[in-house]
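K.L.:
Turn this into a structure:
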Amino acid sequence: MGGPGGSGGMRGPGGRGAFSPAMMLAPAFLKGDNNGDGKLSRDEFRTLGEDWFTAWDKPKQGKLTADQLRAGLGASIQPAGGAPGPMPFERGGPGGGPGPGRGPGMGMQGQDGRNGMSAMMGMEFNYVHAAIDFNGTVLKDVGVRYKGNSTYMQSRDSLKRSLKLEFNKYVKGQKIAGVTKLNLHSNVTDSAWMNEPLSYRLFRDGAIPAPRTSWARVFLTVAGKYDKQYVGLYSVVEDVDNNFAQERFSTREGAIFKPSTQSLFSYLGDDWTRYNQIYDPKTDLTSAQKQRVIDLAKLVTNGSDAEFASQLPSYLDFDEFARYLSINVWLVNMDSILAMGQNYYLYLNPATNRFAIIPWDLDLSFGGMGGGTELSIEHPWRGQNRFLDRLFKVDAFKKLYLARMTEFNQSIFKPERLTRQVDETAALIRPAVSEESEAKLASFDKRVAGESSGSRGAFGGGPGFGGPGGPGGRGTPIKAFAAPRARSVAAQLSGESQGQQDGGGFGGRGPGGGGFDFANMMASSFVRAMDDNKDGVVTREEFQRTFATWFEAWGGDRGPLTEQQLRDGLNRDLPPQGGMMPGPPQF
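P.N.:
Model (predicted):
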């Protein structure tokens with residue numbers, strides 16, 4: 001394959017996209033921008049600090065411990081379902097959208113219209129021209145770009161990065177095996193190369209339309225740099241597009257959305273431009289399709305319980321949602337609708353005018369982003385989620401969901417079945433893994449055997465966070481995960497256990513190995529910055545005095561704080577323990 005080499009095809013604002021405290025804290029601070037001018041006045045900044053302290057000091061003792069700061073920060077950096085607040089990273093995508101500082105605070109949107117963490121950090125993945133040799137089938141002038149969020153962050157210093165191939169980007173009509181797009185996933189978060197392919201297989205076994213997968217040994221040629229350089233083993237994932245819809249639903253007329261929001265179906269008014277960025281349509285929408293999203297959002301947000309229960313079946317394919325959620329919950333896939341509010345597609349079927357859900361980006365399934373094998377099956381989502389909360393209270397859906405969970409736990413989820421799939425897959429791909437490095441092969445063999453590789457992987461802060469694609473792994477190996485998860489689900493279905501709610505995710509800790517605990521890390525920084533007498537707690541006076549000092553030091557003595565002044569100040573005065581978090585290279 002000839003295409004992007006080194007850092008080509010990707011750039012960040014000002015030449016750098018630093019992964020820093022401001023990345024997550026600035027949106028939380030800018031919720032205090034009450035007049036929507038994109039700045040924080042002295043009164044707005046002071047009021048924000050007062051409101052935070054009051055809300056976080058639940059015992060009303062006039063002081064905050066590190067745990068109270070962690071809980072408060074976790075709630076602030078992860079917007080809850082319900083009323084939207086300003087999110088300064090949102091910009092209008094195709095067809096318009098909210099302006100700076102005026103959009104709903106739900107999700108991670110970037111300044112270039114993309115969604116996700118890398119976009120939030122201002123990274124753009126630009127297409128380059130390439131030629132593809134696919135087992136002897138050669139396509140010329142193909143579009144290739146980098147892709148991914150956490151996976152890109154982990155692989156940014158290596159040649160092995162996830163890629164999107166668009167065969168008809170520059171030459172219309174080019175296809176391979178009937179598809180115009182393919183995704184090459186680097187699996188840097190999964191040193192067994194199996195989480196995503198085997199998870200997609202589970203969804204397909206459960207009659208959920210899900211992408212087909214395979215594996216590919218990828219070689220790279222860049223004139224003057226690489227000559228058929230072996231990059232490594234990738235998983236190949238089918239794209240969710242009109243070709244996918246034609247294959248699964250026998251039509252190309254449906255609407256495909258890729259939401260990025262922790263408040264799915266929140267009503268934002270009747271103007272579609274308020275929804276466009278959040279729902280990220282992948283197809284051209286009709287007025288009726290746009291209105292269908294708005295009408296369901298209005299029902300979820302404002303409908304009475306009786307109205308919600310009676311009207312919801314006309315909007316949702318209950319069986320599709322029950323099947324999807326039962327599999328997703330069993331997999332403890334928190335990097336999804338359950339916590340992060342991303343990594344799934346919505347499909348509006350033109351034949352039924354109802355929404356179905358399609359899984360996506362499953363590398364952190366099998367508990368890879370926390371939650372643990374004891375995750376509750378009746379309240380599996382993290383934080384507040386009005387849509388899921390109301391959905392699980394509808395008896396017709398709840399009964400169907402539990403029936404599917406019972407059926408699948410006794411069939412496709414059987415530990416011995418998953419163990420057999422792991423062994424079969426390992427035999428297939430192990431030779432290609434061995435070509436990458438001895439260290440990766442050793443880590444692979446451990447994960448296949450059900451042993452931890454010792455790396456915390458994506459967002460974990462240990463080996464693998466900034467490493468060149470491994471070795472490493474997230475969560476519990478599949479063989480070690482399957483049996484205790486099956487037992488926990490069986491116990492919950494029989495009423496012997498309630499499981500554990502509020503599974504770990506971005507900004508919080510959960511049982512069984514949480515994800516990137518940003519809130520906990522930043523709570524320590526807040527204590528260091530605010531605790532003047534070093535007694536381990538922050539009093540109201542210390543909290544308010546620090547806020548006043550920050551406002552002046554960050555530029556407030558010259559007028560309202562701009563977003564850039566806020567970011568600079570946060571990064572300077574609230575560095576995590578040990579310094580700044582690693583960022584992508586300069587370009």
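
K.L.:
now the longest strand anywhere in the chain, how far from the centre of its chain.
P.N.:
When the chain is parsed with DSSP state E, its longest strand is strand 226-238. Mean-position distance between strand 226-238 and its chain equals 24 Å (Cα atoms, centre = their mean, to the nearest Å).

K.L.:
Pull the residues that contact it.
P.N.:
Applying Cβ atoms under 8 Å, 6 or more residues apart in numbering, the contact partners of strand 226-238 are 5, 159-160, 162-163, 179, 182-187, 193, 196-197, 200, 211-221, 244, 429, 432-433, 435-436, 469. Just so you know, the C-beta spots here come from the backbone N, C-alpha and C atoms, and that holds for glycine as well.

K.L.:
Can you identify the element that follows it toward the C-terminus?
P.N.:
helix 242-249 (DSSP states H and E).

K.L.:
who does the helix or strand following that next one touch, helix- and strand-wise?
P.N.:
Per DSSP H and E, helix 242-249 leads on to strand 255-257 as the next helix or strand towards the C-terminus. Packing partners of strand 255-257 (3 or more Cβ pairs under 8 Å, 6 or more residues apart in numbering; DSSP states H and E): helix 287-302, strand 344-349.

K.L.:
Okay, buried residues for the longest one please.
P.N.:
This means helix 287-302. Gln289, Lys290, Arg292, Val293, Ile294, Asp295, Leu296, Ala297, Lys298, Leu299, Val300, Thr301 (16 or more other Cβ atoms under 10 Å).

K.L.:
Surely the fifth one and Tyr275 touch.
P.N.:
Yes - checked against Cβ atoms under 8 Å, the pair Ile294 and Tyr275 is within contact range at 6.8 Å.

K.L.:
Of the buried residues of helix 287-302, which is the nearest to Lys60?
P.N.:
Thr301 (31.3 Å; Cβ to Cβ).

K.L.:
That closest one and Ser266 touch, don't they?
P.N.:
Yes - Thr301 is within contact range of Ser266, at 5.7 Å (criterion: Cβ under 8 Å).

K.L.:
Check the contact between Leu561 and Trp550; I expect there is one.
P.N.:
No - counting by Cβ under 8 Å, Leu561 stays clear of Trp550, with 9.0 Å between them.

K.L.:
more crowded one of those two?
P.N.:
More crowded of Leu561 and Trp550, by other Cβ atoms under 10 Å: Leu561, with 26 against 22.

K.L.:
and that one, what is it in contact with?
P.N.:
Lys39, Leu40, Phe45, Phe551, Trp554, Gly555, Gly569.

K.L.:
For whatever helix or strand Val142 lives in, the averaged confidence score.
P.N.:
According to DSSP H and E, Val142 maps onto strand 137-146. Computed over strand 137-146, the mean pLDDT rounds to 94.

K.L.:
So what touches it?
P.N.:
Contacts of strand 137-146 (Cβ under 8 Å, 6+ apart): 1, 3-4, 9-10, 125-132, 152, 161-167, 169-171, 174, 176.

K.L.:
picking up where we left off before, so what sits against both of Leu561 and Trp550?
P.N.:
Phe45, Gly569.

K.L.:
coming back round to it: list just the nearest of the buried residues of helix 287-302 to Asp51.
P.N.:
Thr301 (23.4 Å).

K.L.:
ok, now how distant is that closest one from Arg274?
P.N.:
13 Å (Cβ to Cβ, to the nearest Å).

K.L.:
buried stuff in stretch 303-323?
P.N.:
In stretch 303-323, counting by 16+ other Cβ under 10 Å, buried: Gly303, Phe308, Ala309, Leu312, Tyr315, Leu316, Asp317, Phe318, Glu320, Phe321, Ala322, Arg323.

K.L.:
Any stretches of this protein with poor pLDDT?
P.N.:
1-20, 77-123, 149-150, 153-154, 156, 453-475, 502-518, 520, 576-587 (pLDDT under 70).

K.L.:
mind checking the longest helix of it?
P.N.:
Ordering each helix of the chain by length in residues (DSSP state H) puts helix 415-434 first.

K.L.:
any chance of the helices and strands packed on strand 255-257 in a markdown table, plus distance to Asp270?
P.N.:
Below are those laid out as a markdown table (distance: least, Cβ to Cβ, whole Å):
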| stretch | distance to Asp270 |
| --- | --- |
| helix 287-302 | 6 |
| strand 344-349 | 18 |
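
K.L.:
Tyr279 is nearest to which of these?
P.N.:
Of those, nearest to Tyr279 by Cβ to Cβ is helix 287-302, at 6.2 Å.

K.L.:
Now do that closest one against strand 344-349, angle only.
P.N.:
120 degrees (axes from the mean of the first three to the mean of the last three Cα atoms, to 10 degrees).

K.L.:
and helix 287-302, what other elements does it pack with?
P.N.:
Partner elements for helix 287-302 (3+ Cβ pairs under 8 Å, 6+ apart): strand 255-257, helix 305-311, strand 344-349, helix 386-391.

K.L.:
now the first one, how far from the centre of its chain.
P.N.:
When you say that, I think you mean strand 255-257. Using Cα atoms, centre = their mean, the offset of strand 255-257 from its chain centre is 18 Å.

K.L.:
Moving C-terminal from it, which element do we reach first?
P.N.:
Using DSSP H and E, the helix or strand that follows strand 255-257 in sequence is helix 276-279.

K.L.:
Can you spell out which helices and strands pack onto that next one?
P.N.:
Under the contact definition 3+ Cβ pairs under 8 Å, 6+ apart, helix 276-279 sits against no other helix or strand.

K.L.:
Let's see which of the contacts of strand 137-146 end up in helices.
P.N.:
Per DSSP H, those map to helices at Tyr152.

K.L.:
can you tell me how far the residue lying closest to Arg274 once chain neighbours are set aside sits from Thr301?
P.N.:
Using Cβ to Cβ, 6 or more residues apart in numbering and skipping residues adjacent in sequence, the residue nearest Arg274 is Leu268, 4.1 Å away. Look at Leu268 and Thr301: by Cβ to Cβ, they are 9 Å apart.

K.L.:
Pro59 now?
P.N.:
Pro59 is 32 Å from Thr301, by Cβ to Cβ.

K.L.:
Can you name the residues that contact Phe53?
P.N.:
Here Phe53 is in contact with Leu64, Arg540, Phe543, Gln544 (Cβ under 8 Å, 6+ apart).

K.L.:
does Ala486 count as helix, strand or coil?
P.N.:
Classification of Ala486 by DSSP: H, G, I helix; E, B strand; the rest coil places it in helix.

K.L.:
hang on, it packs against Lys414?
P.N.:
Yes - here Ala486 lies in contact with Lys414, judged by Cβ under 8 Å, at a distance of 7.1 Å.

K.L.:
So between those two, which is more surrounded?
P.N.:
Neighbour count, other Cβ under 10 Å: between Ala486 and Lys414, Ala486 has more, with 19 against 15.

K.L.:
neighbours of Phe134, just the number please.
P.N.:
Phe134 has 16 nearby residues by other Cβ under 10 Å.

K.L.:
same question, Gln61
P.N.:
12.

K.L.:
That one and Lys534, how far apart?
P.N.:
Taken as Cβ to Cβ, the span from Gln61 to Lys534 is 19 Å.

K.L.:
Over to Gly555?
P.N.:
From Gly555 over to Lys534 the distance is 28 Å, taken as Cβ to Cβ.
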